[in-house]
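Novice: Pasting the sequence and the predicted coordinates here, then a few questions.
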Amino acid sequence: MRKPIIAGNWKMHKTRDESLQFIYSVNEQVPSIDEVDSVICAPFVFLRSLVKRQGENLRIGAQNMHFSENGAFTGEVSPTMLKSIGVTYVIIGHSERRAMYNETDETVNKKLISAFNHGLNPILCVGENLEQREQGLTEEVIGNQLRINLHGLTFNNIENLVIAYEPIWAIGTGKTATSDVAEETCKFIRNTVAELFNEEVAQKMRIQYGGSVKLNNIDELLAQPNIDGALIGGASLDPHDFIKFTYAALKK
Ligand code: 13P
């Protein structure tokens, strides 16, 4: 019932030539958008050229945005700008931005509301760090993130929201959460959203797992009932692997 969504988060990788080569390789190769949403979240500087060349089954996303439409915010990019160049997705609240660029739950909330108001599809990242997991605080931490991050969103927003559960200890470490651990937390996320909003919209909302997703673990992750896709960092940089990830989602 929920369409799977595979998103590559390139982070700060690739040159212009590399980004174009990637798009030419994957464009006609990913499954129909009727069956899988395939999204590449690229650095700002490449977004326009990628949008111009995107095939009909591929969508381009940004990795961040400011919540304001314009203003004296040197170095920032607004939702209006993203929209004006044809970007359709935006990652909000990635743990690297929360940890390194002082993004708080409150700014994440403002960005989410702004993304929806501008017709962009946000991918909200939540997740605990290793210490929090080891202390048994995972649900408390993620529950708090969700309560603040989703404050003021409408039922319609929630239906269209994608949440990426990204345990910080699994990002770029080669340590994937087992599919059971990932499912347990994704189920908790869905239940929490059902409590905060209602069961119907929580069932429509899509949840991705992210953190050292590779070709050898994607199948078991996607086999879990509450995991509707993946947000993939390092392993999404190779075009042939990215295509394989999208086909793994087709089996769901
Ligand atoms: P890796 O797949 O490289 O662990 O990165 C995950 C991630 O942070 C995606 O947003």
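Specialist: Thanks, I have it. Residues are numbered from 1 along each chain as shown.
Novice: burial measure for the residue of the stretch 101-250 of the chain found nearest the ligand, as a count.
Specialist: Going by CB to the nearest ligand atom, the ligand is nearest to Gly233 of the stretch 101-250 of the chain, at 2.3 Å. The way it works is simple: take the backbone N, C-alpha and C, and place the C-beta from them, glycine included. Residues near Gly233, counting by other CB atoms under 10 Å, number 21.
Novice: quick one, phi/psi of it?
Specialist: Main-chain torsions, Gly233, degrees, to the nearest 10: phi -90, psi -100.
Novice: got it, and Glu76?
Specialist: Per degrees, to the nearest 10, the backbone of Glu76 is at phi -100, psi 160.
Novice: Skipping adjacent residues, who's closest to it in space?
Specialist: Nearest residue to Glu76, sequence neighbours excluded (CB to CB, 6 or more residues apart in numbering): His66, at 4.1 Å.
Novice: For Leu153, see how far away the closest residue to Ala62 other than its chain neighbours is.
Specialist: Once flanking residues are discounted, Ala62 sits nearest to Val90: 4.6 Å by CB to CB, 6+ apart. Counting by CB to CB, to the nearest Å, the separation of Val90 from Leu153 is 15 Å.
Novice: Show me which of the two is the more surrounded one.
Specialist: Between Val90 and Leu153, counting by other CB under 10 Å, Val90 is the more crowded of the two (25 against 21).
Novice: residues in contact with that one?
Specialist: 41, 61-65, 79, 82, 115, 120-123 (CB atoms under 8 Å, 6 or more residues apart in numbering).
Novice: again, but for Tyr165
Specialist: Val126, Gly127, Ile142, Ala182, Thr185, Cys186, Ile189, Ile207, Gln208, Tyr209, Gly210 are the contacts of Tyr165 under CB under 8 Å, 6+ apart.
Novice: Please work out the average pLDDT along the helix or strand that contains Asp180.
Specialist: Using DSSP states H and E, Asp180 falls within helix 179-196. Here helix 179-196 scores 98 as its mean pLDDT.
Novice: mind exporting the helix or strand harbouring Ala115 as PDB, just the C-alpha atoms?
Specialist: Here Ala115 sits within helix 105-117, counting by DSSP H and E. Only the C-alpha atoms of helix 105-117 are listed here, as PDB (Å, rounded to 0.1, in the frame of the first residue of the first chain):
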ATOM      1  CA  ASP A 105      14.700  20.200  17.000                       C
ATOM      2  CA  GLU A 106      13.000  23.600  16.800                       C
ATOM      3  CA  THR A 107      14.800  24.700  13.500                       C
ATOM      4  CA  VAL A 108      14.100  21.300  12.100                       C
ATOM      5  CA  ASN A 109      10.400  21.900  12.900                       C
ATOM      6  CA  LYS A 110      10.400  25.200  11.100                       C
ATOM      7  CA  LYS A 111      12.100  23.700   8.100                       C
ATOM      8  CA  LEU A 112       9.600  20.900   7.800                       C
ATOM      9  CA  ILE A 113       6.600  23.300   8.000                       C
ATOM     10  CA  SER A 114       8.300  25.600   5.400                       C
ATOM     11  CA  ALA A 115       9.100  22.600   3.000                       C
ATOM     12  CA  PHE A 116       5.400  21.600   3.100                       C
ATOM     13  CA  ASN A 117       4.300  25.200   2.600                       C
END
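Novice: Next one, pLDDT for the residue located most distally from the centre of the chain please.
Specialist: Largest separation from the mean C-alpha position in the chain: Ala72, at 27.7 Å (CA atoms, centre = their mean). Per-residue confidence at Ala72 stands at 98 (pLDDT).
Novice: mind checking the SS state of the residue most central in space within the chain?
Specialist: Nearest residue to the geometric centre of the chain (CA atoms, centre = their mean): Ile123, 3.9 Å. Following DSSP: H, G, I helix; E, B strand; the rest coil, the label given to Ile123 is strand.
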